[in-house]
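# With the input below, show me the fold.
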Amino acid sequence: MELRWRTRTINLPSGVIMGILNVTPDSFSDGGQFTSLAHATQQANAMIAAGAMFIDIGGESTRPGAQTVPAEVEIERVVPIIETLHKRRSKGEAIPLLSIDTRKAIVARAALEAGADLVNDVTGLRDPSMRAVCAEFGVPAVLMHLPTTPETMQWSQAAAKFTDVVIEVRDELARLARQALDDGVPTVIVDPGFGFGKSIEQNLELIRRLSEIKAPGYPVLLGASRKSTLGRLTGITQADQLDAASIAAHLYALSQGADILRVHDVTGHAQAIKIWQQLSKDDRS
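Below is the predicted model:
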């Protein structure tokens, strides 16, 4: 997997981990746990020690029903931890790639100025100003498929009407990717949006046929971690008890070509991926 910036190119193996760091009071799984800089830094350190290749820092919840946060509030939440980690990197410490999880161009700009390396936009860079910021800074972007907005999504009545969810998600992501590349974004990573505006069966079908999402040639990120679909399938209602289910879904996604896994439990995923890769060696040779 090749990721290009304006000034550098990095080649990464498939099956790398993006650790989730929510500095929000209301995220569905870990809201309120890492709102202070001290707690956010502690969690980032744990992810670094566990082997995360990326840390995805978000200051606004995108769970179904979440309300929009003012840009200035979001910036106040995310910039301190980005600056802290970036300063450590500038002193020679090995720090993962820092991703800013936002749908606002002004927040993306502030985060990139503070030292973030890439942008993760749940709205797929549909906003021209977001594409312009990514192009200006010469950074990669993650484009997620989102059939509706988080404000209007509901936990159980969210499913959009698809004739073939995989084909339609693939084609929409390819369209958004071409648009971003044409506007100067150096690299795009596509995310099928597991759990966003899709039914349980639609979410499962996206993982089963993830190789079709990857067919256009873009790196694929999957984020099924602790999603309510897994809770409904297992009967577990507490999100932070869904790490085993998350690992199962993600290992299957790796078998279908996923390049990046966006996860809460970095330690558990790192262990599972290491064993999966050893077992898969003969299959991939």
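# remind me which residues of the stretch 151-285 of the chain are low pLDDT?
Applying pLDDT under 70 to the stretch 151-285 of the chain flags residues 151-159, 282-285.
# so where do the strands sit in it?
188-191, 221-222, 260-263 (DSSP state E, counting those that start in this stretch).
# Only the buried residues of stretch 18-25, if you could.
By neighbour count with 16 or more other CB atoms under 10 Å, stretch 18-25 contains the buried residues M18, G19, I20, L21, N22, V23, T24. In short, each C-beta sits where N, CA and C put it, glycine included.
# Centre of the chain to it, how far?
10 Å (CA atoms, centre = their mean, to the nearest Å).
# Mind listing what's buried along stretch 221-236?
Of the residues in stretch 221-236, those buried (16+ other CB under 10 Å) are L221, L222, G223, A224, S225, R226, K227, S228, T229, L230, G231.
# What is the neighbour count of S36?
12 (other CB atoms under 10 Å).
# Check the one 4 residues further on too.
Summarising burial for A40: neighbours were counted as other CB under 10 Å, giving 24.
# Make sure it is actually in contact with V23.
Yes. At 5.3 Å, A40 and V23 qualify as touching, with contact defined as CB atoms under 8 Å.
# burial measure for K87, as a count.
13.
# same question, R8
For R8, using other CB under 10 Å, the count is 10.
# Also Q238?
Neighbour tally, Q238, other CB under 10 Å: 9.
# Likewise for I275?
10.
# now swap in R262 and tell me
25.
# That one pairs with what?
Taking DSSP bridges as the rule, R262 bridges to M18.
# Let me know the average pLDDT across the lengthiest helix in the chain.
In the chain, taking DSSP state H as the definition, the longest helix is helix 71-90. Regarding helix 71-90, the rounded mean pLDDT is 97.
# elements contacting that helix?
If you count contacts as 3 or more CB pairs under 8 Å, 6 or more residues apart in numbering; DSSP states H and E, helix 71-90 packs onto helix 37-50, strand 54-58, strand 97-101, helix 105-114.
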